[in-house]
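Novice: Build me a model:
(chains A and B)
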Amino acid sequence: MKKNTSLAIALLGFSILAGCAAPKNAMLADAHNSYNNAASNPQVTTLAPLELKDADDTLNKADYALKNGESTENVNHLSYLAKQKVALAQETAKRKTAELAVTNAAANRNIVRLEARTAEADAAKQEVSSMQLTADQQAAELAAASAKAERDQELIAQQEMQLKELNAKKTKRGMVITLGDVVFDTNKAQLKSSGENSVNKLADFLKKYPQHKVLIEGYTDSRGSNELNQKLSERRANAVRQSLNNMGISNERISTQGYGEAFPIAGNDTAANRQMNRRVEIILSDESGNISNR
Amino acid sequence: MKKLYQPGSYPLQKILITLLAAFLVTACASTPPPTAQMAIANEALNNANSAGSNEFAPVQLKSATEKMEAAKAAMQKKKYDVARQLAEQAQADAQLAMAITRSAKAQKAADALKEDSRIMRQEIDRKTK
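Specialist: The predicted structure follows:
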């Protein structure tokens, strides 16, 4: 209790002292406020120390004037000056901060530029790698295409070999297969068994290349009437068609034509020559199934 | 013929006159005219004006101008104490106006650069996307 009382007295004493020490002039108090505010701002203390010192000096003069009982007018005057000087210090600090920002902005710009270049370089790199990818893709496609071409080449070679086996000859009308073995007796349209082999090969070929069609043309020698020979040639062509049918080639792919004794491939003077004229020719269509007629 | 005023013959009188003159001068201007302060304040005001303070610190510049006018009027009336105080305040106001102007200009430059930088960054971001 006693202790508390003495503490209270001490506090009272302090406050009286403090009251005495505090400036009684309102403008001076205001100037002090401003100064304390500025002095607690590290920006001002570091960037405008001289200006702040100047303000402090003027503030001290004002304090001194008040203490010495100089006129209120003079104290007010000095307080005003001090306050303006504090403001000056604050503005100076603000200016220097902005100027630093300008200086830093140049550096910042360089950083941004550098980033831009890096980004550009990255983009270019990406572009190159995507181009590489495209190139790789193209190379792969090319390889695939050439592989296909090779395969096609092989197929063509195979086909050519088979056609050769069939004794096919390249003519203006396309590939023409003369079934030399498919020979007919005089005035007969019966396919001899020796000819069956050739027809068999043709059937195999047609099975393998379903896009091809055939035109079967029948011919006779010159003996007998034209009418008879015409009919005979048609029957001969039909005989081959029938044979192909039997081997599983559909009728739609086969057309027939009789030419009678026309278009002999040999003279009709000897028996051997007449035998050559009694024949069947098979015209192979192109891959779209087109055949040009005689 | 008697020479009444011979030079150097009344040294005491001469000294007295000189002293009187000196006293009179001192009495008339117990405060000397603040010519230097007036000049300094006027210079500060001119500087603030040419720096463009009427744009950036019109309040402070107006205050400085008015105080300077008042100071000149006080000089005319030989109220030198008043003139000095007004000139000092005019100087402080003008200097503050100047400081505000300069800091505003610097801030403007900094803002412009900041905006530049922002636009540049935006541009880069857009390009990169």
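
Novice: Where do the helices of chain B begin and end?
Specialist: B:11-28, B:35-50, B:53-56, B:58-76, B:80-128 (DSSP state H).

Novice: looking at those helices, which is closest to A:D269?
Specialist: helix B:80-128 (91.4 Å; C-beta to C-beta). (Glycine included, C-beta is placed from N, CA and C.)

Novice: and A:K169, that's in a helix?
Specialist: No: A:K169: not assigned to a helix; according to DSSP: H, G, I helix; E, B strand; the rest coil it is strand.

Novice: Give me the distance between B:D93 and A:Y35.
Specialist: 18 Å (C-beta to C-beta, to the nearest Å).

Novice: Check A:V199 too.
Specialist: 123 Å.

Novice: And those two? Which one has more around it.
Specialist: Taking other C-beta atoms under 10 Å in any protein chain shown, A:V199 and A:Y35 do not tie; A:V199 has more neighbours (24 against 20).

Novice: didn't the more buried one look like it was pressed against A:L191?
Specialist: Yes: contact criterion C-beta atoms under 8 Å: A:V199 and A:L191 qualify, at 7.2 Å.

Novice: that's a strand at A:M175, yeah?
Specialist: Yes: the assignment for A:M175 is a strand, going by three-state DSSP.

Novice: For it, list the residues it contacts.
Specialist: Shown in contact with A:M175 (C-beta atoms under 8 Å, 6 or more residues apart in numbering or on different chains): A:163, A:168-169, A:283-284.

Novice: Please pick the buried ones from those.
Specialist: A:163, A:168, A:283-284 (16 or more other C-beta atoms under 10 Å in any protein chain shown).

Novice: low-scoring stretches of the stretch 101-250 of chain A, by residue?
Specialist: Where the stretch 101-250 of chain A drops to pLDDT under 70, the residues are A:180-183, A:194.

Novice: ranges for the helices of it?
Specialist: Assigned helices in the stretch 101-250 of chain A, in chain order: A:193-208, A:226-246 (criterion: DSSP state H, counting those that start in this stretch).

Novice: Could you single out the most deeply buried of those?
Specialist: When the helices of the stretch 101-250 of chain A are scored by mean count of other C-beta atoms under 10 Å in any protein chain shown, the highest mean neighbour count falls to helix A:226-246 (a mean of 19).

Novice: May I ask which helix or strand of chain B has the lowest mean pLDDT?
Specialist: Within chain B, no helix or strand scores below helix B:11-28, which has a mean of 60 by mean pLDDT, DSSP states H and E.

Novice: Could I get the average pLDDT for stretch A:38-54?
Specialist: Here stretch A:38-54 scores 96 as its mean pLDDT.

Novice: Just the buried residues of that stretch, please?
Specialist: For stretch A:38-54, by 16+ other C-beta under 10 Å, it's A:38, A:41, A:44, A:47-48, A:51-52, A:54.

Novice: Among those, list the two that are farthest apart in space.
Specialist: Farthest pair in the buried residues of stretch A:38-54 (C-beta to C-beta) is A:N41 and A:D54. Separation: 16.1 Å.

Novice: what residues does the helix or strand encompassing A:I282 touch?
Specialist: Per DSSP states H and E, A:I282 falls inside strand A:280-284. Here strand A:280-284 makes contact (C-beta under 8 Å, 6+ apart) with A:163, A:168, A:173-179, A:182, A:202, A:212, A:214-219, A:236-237, A:239-240, A:291.
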